[in-house]
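Q: Here is a sequence together with a model predicted from it:
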Amino acid sequence: MTVDPKSPTMSESQRGSMNDLNLSQLVEGRGDAQAETGNALRADVQNLNFWYGDFQALKGINLPVHDKKVTALIGASGCGKSTLLRCFNRMHDLYRNNRYDGAINLYPEGDNIVGPKTDPMLIRLRVGMVFQKPNPFPKSIYENVAAGLRIRGINKRSVLDDKVEAALTGAALWTEVKDRLGESAYGLSGGQQQRLCIARALAPEPELLLLDEPTSALDPIATAKVEDLIEKLADNITILIVTHNMQQAARISDHVGYMHLGEMVEFDLASRIFVKPQKEQTRAYVTGRFG
Ligand SMILES: Nc1ncnc2c1ncn2[C@@H]1O[C@H](COP(=O)(O)OP(=O)(O)OP(=O)(O)O)[C@@H](O)[C@H]1O
């Protein structure tokens with residue numbers, strides 16, 4: 001594959017900031033995540049293909065998702081990162097012409113998430129998702145977090161109270177909102193709204209949390225809070241995140257998958273991807289020479 005260093009796909013600011021930074025310093029000390037987990041997998045993508053109608057957006061994707069680790073998907077705009085992420089909770093099923101082929105095994109049972117016999121509703125109970133832009137419901141802060149619990153039939157006030165508090169605490173938002181739980185979620189700042197959406201996703205205790213560029217609409221302070229939160233959450237939950245920001249991927253991820261034109265070019269420990277990737281194409285991308 002020929003690398004075009006003048007590719008305009010990556011913004012100049014992104015390119016500039018990456019060149020100024022030593023990504024290897026950011027991943028320093030992250031250790032060998034694989035050794036730490038003993039290779040335990042929460043999910044495993046095997047030869048996954050996906051079509052939007054006639055257009056094949058994912059081609060033969062393989063990707064291990066390690067348990068209680070942060071796996072980042074990186075790559076130029078349009079390479080298929082969000083498409084891959086959305087396969088994990090069967091979001092594509094909302095449109096009739098979309099088609100999956102292959103497997104995403106969700107462990108410990110090993111159920112194939114994209115298998116024709118798998119009920120997408122059951123998968124969404126196990127796999128939570130947070131989007132690029134904060135999207136709270138037009139409800140109170142409390143009811144936003146309680147929403148997923150009510151869907152699961154939990155309506156007892158004392159149980160909801162405990163779970164709402166636990167999720168808001170887990171999302172590092174409890175102290176900021178505990179005295180205004182009945183107020184509209186729209187009264188929160190953008191960063192608080194995003195942490196609320198994370199709390200909403202956490203409340204039902206998902207096995208896997210999908211984050212699609214969760215900080216792209218946030219300022220640097222709110223971004224830092226969400227990044228800290230992601231690192232803490234990974235003590236208990238498996239996280240798969242799409243990000244355009246190389247610094248962010250280097251700061252928070254244990255593993256990284258680099259995608260290009262619907263294919264997984266390289267998957268490895270973050271410490272290898274950002275210091276010594278195996279493929280020249282990956283190196284060109286992470287150093288900002290190729291978008
Ligand atoms: N609903 C859709 N219908 C048809 N094609 C789509 C649809 N959504 C995405 N695509 C195409 O699938 C490919 C992958 O898109 P996707 O959004 O997954 O890329 P991405 O890597 O997440 O991009 P970005 O970083 O810009 O968000 C692109 O060519 C895109 O145009």
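A: Happy to help now that I have it.
Q: What residues does this structure have near the ligand?
A: 52, 55, 57, 75, 77-83, 244 (Cβ under 6 Å from any ligand atom). Every C-beta, even on glycine, is put in place using the N, C-alpha and C of the backbone.
Q: Reformat these as a markdown table; add pLDDT, secondary structure and neighbour count.
A: Formatted as a markdown table, those follow (pLDDT from 0 to 100; DSSP: H, G, I helix; E, B strand; the rest coil; neighbours: other Cβ atoms under 10 Å):
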| residue | pLDDT | secondary structure | neighbour count |
| --- | --- | --- | --- |
| Tyr52 | 97 | strand | 14 |
| Phe55 | 97 | strand | 10 |
| Ala57 | 98 | strand | 20 |
| Gly75 | 96 | coil | 24 |
| Ser77 | 94 | coil | 10 |
| Gly78 | 95 | coil | 14 |
| Cys79 | 96 | coil | 24 |
| Gly80 | 97 | coil | 23 |
| Lys81 | 97 | helix | 23 |
| Ser82 | 97 | helix | 18 |
| Thr83 | 97 | helix | 20 |
| His244 | 91 | coil | 17 |
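Q: which residues sit in contact with Arg195?
A: 171-173, 225-226, 229 (Cβ atoms under 8 Å, 6 or more residues apart in numbering).
Q: a markdown table for these, including pLDDT?
A: Putting those into a markdown table (pLDDT from 0 to 100) gives the following:
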| residue | pLDDT |
| --- | --- |
| Ala171 | 89 |
| Ala172 | 88 |
| Leu173 | 93 |
| Lys225 | 87 |
| Val226 | 88 |
| Leu229 | 89 |
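Q: one step back: out of the residues of the chain next to the ligand, which two sit at the greatest distance?
A: Greatest spacing in the residues of the chain next to the ligand, by Cβ to Cβ: Phe55 and His244 (22.0 Å).
Q: what are the ranges of the helices in this protein?
A: Assigned by DSSP state H, the chain shows helices spanning 12-20, 23-27, 33-37, 81-87, 120-126, 141-151, 157-170, 174-177, 190-202, 220-233, 246-252, 270-273, 280-286.
Q: residues contacting the residue nearest the centre of the chain?
A: The centre of the chain sits closest to Ile241, judged by Cα atoms, centre = their mean, with a distance of 2.2 Å. Neighbouring residues of Ile241 by Cβ under 8 Å, 6+ apart: 70-73, 210-212, 214, 230, 249, 252-253.
Q: just Ile198 next, same as before
A: So Ile198 contacts 130, 171, 209, 214, 226, 229, 233 (Cβ under 8 Å, 6+ apart).
Q: Please apply the same query to Ile237.
A: 68, 202, 206-209.
Q: Which one of the residues you listed sits in the busiest neighbourhood?
A: Leu202 (25 neighbours; other Cβ atoms under 10 Å).
Q: neighbours around the closest residue to that residue other than its chain neighbours, how many?
A: Distances taken as Cβ to Cβ, 6 or more residues apart in numbering put Ala167 closest to Leu202, at 4.6 Å, once the chain neighbours are dropped. Using other Cβ under 10 Å, Ala167 has 25 other residues around it.
Q: Could you do Gln25 as well?
A: With other Cβ under 10 Å as criterion, Gln25 counts 11.
Q: Got the confidence number for it?
A: Gln25 is assigned 70 on the pLDDT scale.
Q: in the stretch 151-291 of the chain, what spans have low per-residue confidence?
A: Applying pLDDT under 70 to the stretch 151-291 of the chain picks out residues 290-291.
Q: and if we set it to 90?
A: Applying pLDDT under 90 to the stretch 151-291 of the chain flags residues 151-152, 170-172, 216-222, 225-226, 229, 232, 287-291.
Q: mind listing what Arg200 touches?
A: 136, 144-145, 147-148, 167.
Q: Narrow the residues you listed to those that are buried.
A: 136, 144-145, 148, 167 (16 or more other Cβ atoms under 10 Å).
Q: Leu173 and the ligand, how far apart?
A: 26 Å (Cβ to the nearest ligand atom, to the nearest Å).
Q: Name all residues that make contact with the nearest residue to Gly257 once chain neighbours are set aside.
A: Among residues not flanking Gly257 along the chain, Phe267 sits closest, at 4.5 Å (Cβ to Cβ, 6+ apart). Applying Cβ under 8 Å, 6+ apart, we find Phe267 in contact with 62-64, 255-258.
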